[in-house]
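J.: sequence and predicted model, in that order:
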Amino acid sequence: MIVVTRLNGTRFAVNPDLIERIHESPDTHLVTLDGAAYVVLESLAEVVELIADYRAYVLSKARDLPAVTGYPLSLVPPAGPEADAGSSAPEPPRK
């Protein structure tokens with residue numbers, strides 16, 4: 001999340017992955033994927049820098065995670081001993 005400031009001075013956090021576009025005219029408008037628009041005090045360049053810093057932070061945190069060996073990155077649980085060792089796809093259910 002990045003923290004930005006409304007025109008009235010209140011601060012709020014927005015998920016930068018949901019920002020569709022940012023434009024200045026002269027105020028900075030953040031428009032999200034669902035069409036919500038927010039007017040903020042930060043300039044377009046400042047918002048872009050906040051997003052870049054956030055992404056760098058996420059990458060640095062991921063790099064600091066302990067390495068886990070022996071398990072490939074997958075959403076499918078490792079195959080049991082009866083599965084073919086060369087196959088990474090689960091077998092379809094048997095009827």
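T.: Received it, and whenever you're ready, just let me know what you need.
J.: please make it C-alpha for all contacts and neighbour counts, starting now.
T.: Fine.
J.: how about the contacts made by the residue sitting nearest the centre point of the chain?
T.: By CA atoms, centre = their mean, the chain has its centre lying nearest to D17, at 5.1 Å. For D17, no contacting residues are found, by CA atoms under 8 Å, 6 or more residues apart in numbering.
J.: is it true that it lies in a helix?
T.: Yes - membership of D17 in a helix is supported by DSSP: H, G, I helix; E, B strand; the rest coil.
J.: now it: how far from E42?
T.: Noted for D17: a distance of 18 Å to E42, by CA to CA, to the nearest Å.
J.: circling back to that earlier point, can you give me the separation between the residue nearest to the centre of the chain and P26?
T.: Distance, D17 to P26, using CA to CA: 24 Å.
J.: next: L65.
T.: Counting by CA to CA, the gap from L65 to P26 is 42 Å.
J.: same check on T69?
T.: Distance from T69 to P26, by CA to CA: 51 Å.
J.: so in the chain, where's the weakest helix or strand by average pLDDT?
T.: helix 44-64 (a mean of 94; mean pLDDT, DSSP states H and E).
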